[in-house]
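K.L.:
everything below, folded, please.
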Amino acid sequence: AAASHALVSLAWALLDELETLRTRVPDLTRVVVLLEAAAALGEPHAQALLASLSALNNAHPASRRTASYETFTSNSAAGGDRSILLWTLGANAGSAYAQSALAFRYLHGFGVEKSCETAAMLYERAAA
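P.N.:
Numbers count the residues shown, from 1 in each chain. Predicted coordinates:
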């Protein structure tokens, strides 16, 4: 558990570093490698963050800053299988972030069958 937590902490530090260097397109390769290792160890926060990165990549492979909300939702609904899997793993392991992200998907039917009941259950779990 300590090793997977350390990997996630390092990945977050790299993301923070990339956020401050907005002048160039970030290379997320090191971040993804660390998160993949932590996710393989069952770290729910790594699974949730990988799901988000995967969804953003599916929605906007070239540039997520220039596409519209409609493009984001249609593309992420079409290509989010891995994201849904990772959010589900993270949610089942107790990540409130993953529970909220997955609840949003169920509420709006992005990549999953729309279900207000499932969304409500996941939001309640995230808030607990």
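K.L.:
which helix or strand in this protein has the lowest average pLDDT?
P.N.:
The weakest-scoring helix or strand in the chain, judged by mean pLDDT, DSSP states H and E, is helix 69-78 (a mean of 47).
K.L.:
mind checking what helix or strand follows it in sequence?
P.N.:
Scanning forward in sequence from helix 69-78 by DSSP states H and E, the next helix or strand is helix 81-92.
K.L.:
any chance you could map the helices in the protein?
P.N.:
2-20, 29-40, 44-59, 69-78, 81-92, 96-108, 116-127 (DSSP state H).
K.L.:
export the fifth one as PDB, just CAs?
P.N.:
What follows is helix 81-92, C-alpha atoms only, in PDB (Å, rounded to 0.1, in the frame of the first residue of the first chain):
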ATOM      1  CA  ASP A  81     -14.600   1.700 -22.100                       C
ATOM      2  CA  ARG A  82     -11.200   1.800 -20.300                       C
ATOM      3  CA  SER A  83     -12.200   4.900 -18.400                       C
ATOM      4  CA  ILE A  84     -15.400   3.300 -17.200                       C
ATOM      5  CA  LEU A  85     -13.500   0.200 -16.100                       C
ATOM      6  CA  LEU A  86     -10.900   2.200 -14.200                       C
ATOM      7  CA  TRP A  87     -13.500   4.500 -12.600                       C
ATOM      8  CA  THR A  88     -15.500   1.400 -11.500                       C
ATOM      9  CA  LEU A  89     -12.400  -0.300 -10.000                       C
ATOM     10  CA  GLY A  90     -11.500   2.900  -8.200                       C
ATOM     11  CA  ALA A  91     -15.100   3.500  -7.000                       C
ATOM     12  CA  ASN A  92     -15.400  -0.100  -5.700                       C
END
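K.L.:
give me the buried positions along that helix.
P.N.:
The neighbour-count check on helix 81-92 (16 or more other CB atoms under 10 Å) flags 83-84, 86-91 as buried. For the C-beta atoms, the positions are set from N, CA and C on the backbone; glycine is no exception.
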